[in-house]
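Enquirer: Attaching a predicted model along with its sequence, questions to come.
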Amino acid sequence: MGSLIKIEKRNDISNSILLFSPVLAIILTLLSGAIIFYFLGFQPLEALKIFFIIPIADLYGFSELLLKATPLCIIAIGLSFCFKTNNWNIGAEGQLIFGGIVSGGVALLFYNQEGFFILPIIILTGALGGAIFALIPAILKTYFNTNEILTSLMLVYVAKLLLDYLVVGPWTNPEGFNFPETRMFSDSARMPLLFEGLRIHAGIFIALMLVALSWFIFFKTFLGFQMKVSGLSLKTARYAGYKGKKTILLVFIISGACAGLAGVGEITGPIGQLYREISPEYGFTAIIVTFLGRLNPIGIIFASLIVALTYLGAESAQIFLQVPKSIGQIFQGLILFFLLASDFLLYFKVKFLITQKKNEY
Amino acid sequence: MNIDLNFIGIIIAAVMASSVPLILAATGELIVERSGVLNLGVEGMIIIGAISGFAFMMSTESIVIAIFGAMFAGIIISLIFGFLTQTLLTLHVPTGLALTIFGIGVSAMLGKNFVGLPGKEIPVFFENLDKITFIGPILFGHSIIFYFAFVFPFFVYYFLKKTKMGLIVRAVGDSHHVATDQGINVILVRYLCIMFGGAMSGLAGAYLSLVYTPQWIENMSSGRGWIALALVVFATWNPLKVLVGALLFGSISILQLHMQAAGVRIPVQFLSALPYLLTILVLVVISRDDRKIKLNTPNSLGKTFYKEN
């Protein structure tokens, strides 16, 4: 007798499983989270409550969730363009930082000026900075056949070091007692706050606009259709007149611009200046958001909220359980593991042979 | 004159030392890729190896247990990747990324109580001979991992070129369908290769935390896993060229350290960025020749294998 379980490829992808597998992944992540907490010597349910519920139990906590979900959502929207077309841009963190550097530089130019025109210029230059930085791996891929995974990732380190150089060197605050940070930006260079006393800012509208825009592009334009076909079968797309190189450049520009915008949101929102660590690895975490959201704009909204919670949960666990913050990364890795594993059900049917035989006789 | 020669010897030894983790991780990953699997989790496996090796060393004071413990930890975490990509047929790229994120998180968690502790003394070989001018510091007074790293690529070269098992690995990587028609268990071969890669990344991590900077620092692999991945492409999947590439990177990192120490009027950050920029440059130069890459890339690299039964 051979194996008891037979695996069969599905001919069409079931829509209900498409929605079900992220839910399954989250349930499995919670379960293994409970196990991890148990082995760390905590009461599992209590610890899960501290990780997932306490941080968003009040209005301030919920606003912090939105604050952290905003950059994740913006970057993930951009990345969905790349991943849909099988372009593995994993250097969004670098594009975020470079966008932050360029827009931060502009903000510093206006440090003692006020005016309504300042913020729009900063936002645009941030997007431009991110796009330019993303163009490097894109050009290397299209014209020099170079693997974009490695080049985009290497550029993250370069961007981090450049930022480090600027904040300790030429851009450091002259009245800042040699702290590695720039001057504070002027009020006109800051994202307007939505509510008094909360840190949530107008960047969330940028995120929502990008969600709507990307939904429109994906489902209502020829470009979106082309991207979908090229992701499924490059040969078919080429036959239909698809221009590969142009699309590669375009999706990298889009995702770089988005990452740059996320950087602008951070430095003009909660931060208000440049220093070494303007992003707690949002660019990497957004990759998880993109997959969890199924490369779908609406899905990405939900996914960014869920993944943002791992940041808050990790802070909360650090305070109440004295567990290192890195527990958040463990949860992020687990979500992606389980999501990818759940996708097995998407593409394959699992059949148990014993029951099948009973049916036959 | 003698003093100069000795100094050059010490520099060469430093270059070799800094290339050890790259050689180990890249050669391990090379076997994985030769079997058609793209594991982007090298960085995560190295950092897991680093913390496990350090933790075993601190608790047992045995270098043997520390080294094997780190390799074992590398195997365990690589099996997560193996199970997902080979049994549950997930995409290689995101699975590898998840492994890296997960590995960094787990290592920081495990390392909580080890931060700032000084490492233990590691036994070295031929300690007294390293006073010999020039060749002394290059050849003598190193740890066992160091010597292993410089013969290891030759073994892997021989294995891939001359042994039947090596042929099987290459066959699986070049065409899993043909290999399976020949009665080869593709999934099993890939599992073994993935575990081998995990062990080698674990060993690379152990070298970092036990020998290179004998202590535990969060994120101490600082991108070496990614450079190792780039080295595999640079080497066009040839283990001997991995050795050359790793030494090249070793020289750049040592050169920039010495330039920093000598107070060259270039900002430290620009010097630190050199290895990463060099990686990009080297990749571009190698990959420009489309045909060369296509000829050498394992044909099934990164493709999911599903056997109809």
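Expert: That came in fine, so what should we check first? Because the structure is predicted, anything quoted here is derived from the model rather than measured.

Enquirer: from here on, contacts and neighbour counts on C-alpha atoms
Expert: Will do.

Enquirer: So which bits of the stretch 201-350 of chain A are right by chain B?
Expert: Within the stretch 201-350 of chain A, the positions lying close to chain B (Cα under 8 Å from any Cα of the partner chain) are A:323-324, A:326-334, A:336-337, A:340-341, A:343-344.

Enquirer: what packs against the worst-scoring helix or strand of chain B on mean pLDDT?
Expert: Lowest on mean pLDDT, DSSP states H and E among the helices and strands of chain B sits helix B:135-139, with a mean of 75. Packing partners of helix B:135-139 (3 or more Cα pairs under 8 Å, 6 or more residues apart in numbering or on different chains; DSSP states H and E): helix B:2-34.

Enquirer: Looking at residue 142 now. What's its pLDDT?
Expert: Defaulting to chain A. pLDDT for A:T142: 91.

Enquirer: ah, no, chain B please
Expert: Among the per-residue scores, B:H142 shows a pLDDT of 84.

Enquirer: got the buried residues for stretch B:164-182?
Expert: Going by neighbour count (16 or more other Cα atoms under 10 Å in any protein chain shown), the buried part of stretch B:164-182 is B:166, B:168-177, B:179.

Enquirer: Now flag whichever of the residues you listed is closest to chain A.
Expert: B:H177 (16.6 Å; Cα to the nearest Cα).

Enquirer: Make a PyMOL selection of whichever of the residues of the stretch 201-350 of chain A next to chain B turn out to be buried.
Expert: Filtering those down to the buried ones (16+ other Cα under 10 Å) takes a single PyMOL command:
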select buried, chain A and resi 323+324+326+327+328+329+330+331+332+333+334+336+337+340+341+343+344
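
Enquirer: where in the stretch 101-250 of chain A is pLDDT low?
Expert: Low-confidence segments of the stretch 101-250 of chain A (pLDDT under 70): A:240-241.

Enquirer: Go again with 90.
Expert: Residue ranges of the stretch 101-250 of chain A with pLDDT under 90: A:111-115, A:145, A:169, A:173-179, A:186-189, A:192, A:195-197, A:221-248.

Enquirer: Residue of it nearest chain B, please.
Expert: Going by Cα to the nearest Cα, chain B is nearest to A:F144 of the stretch 101-250 of chain A, at 4.7 Å.

Enquirer: tell me the contacts of that residue?
Expert: Neighbour list for A:F144: B:284, B:287-288 [criterion: Cα atoms under 8 Å, 6 or more residues apart in numbering or on different chains].

Enquirer: same thing with B:S272?
Expert: In this structure, B:S272 makes contact with A:161, B:253, B:256-257, judged by Cα under 8 Å, 6+ apart.

Enquirer: rerun that using 10 Å as the cut-off
Expert: Going by Cα atoms under 10 Å, 6 or more residues apart in numbering or on different chains, B:S272 touches A:157-158, A:161, B:252-253, B:256-257, B:260.

Enquirer: Now it: which helix or strand?
Expert: helix B:268-287 (DSSP states H and E).

Enquirer: now do A:R183
Expert: Using DSSP H and E, A:R183 maps to neither a helix nor a strand.

Enquirer: burial count for it?
Expert: Per other Cα atoms under 10 Å in any protein chain shown, the neighbour tally for A:R183 reads 19.

Enquirer: what's the spacing between it and A:I118?
Expert: 16 Å (Cα to Cα, to the nearest Å).

Enquirer: now the contacts of B:S272: which count as buried?
Expert: The neighbour count (16+ other Cα under 10 Å) marks A:157-158, A:161, B:252-253, B:256, B:260 as buried among the contacts of B:S272.

Enquirer: All the strands of chain A, residue numbers only.
Expert: For chain A, strands defined by DSSP state E occupy the ranges A:5-9, A:348-352.

Enquirer: Contact partners for residue 251?
Expert: You didn't say which chain, so I picked chain A. Neighbour list for A:V251: A:78-85, A:87, A:89, A:131, A:134-135, A:138, A:227, A:257 [criterion: Cα under 10 Å, 6+ apart].

Enquirer: um, chain B though
Expert: Residues near B:S251 by Cα under 10 Å, 6+ apart: B:11-12, B:14-19, B:245, B:257, B:275.

Enquirer: Let me know the closest of those residues to A:L309.
Expert: B:P275 (35.3 Å; Cα to Cα).

Enquirer: Check the gap between that closest one and A:F216 for me.
Expert: Distance, B:P275 to A:F216, by Cα to Cα: 42 Å.

Enquirer: Neighbour count: these two, which is higher?
Expert: B:P275 (24 against 13).

Enquirer: what's the nearest residue to A:E114 if we skip its chain neighbours?
Expert: Leaving out its chain neighbours, the residue that sits closest to A:E114 by Cα to Cα, 6 or more residues apart in numbering or on different chains is A:S188, at 5.2 Å.

Enquirer: What of A:V211?
Expert: Of all residues beyond its chain neighbours, the one nearest A:V211 is A:P297 (5.4 Å), with distances taken as Cα to Cα, 6+ apart.

Enquirer: mind listing what the one you found touches?
Expert: Going by Cα under 10 Å, 6+ apart, A:P297 touches A:73, A:76-78, A:80, A:208, A:210-216, A:218, A:290, A:303.

Enquirer: Pull out the buried residues from those.
Expert: The buried subset of the contacts of A:P297 (16+ other Cα under 10 Å) comprises A:73, A:76-78, A:80, A:208, A:210-211, A:214-215, A:218, A:290, A:303.
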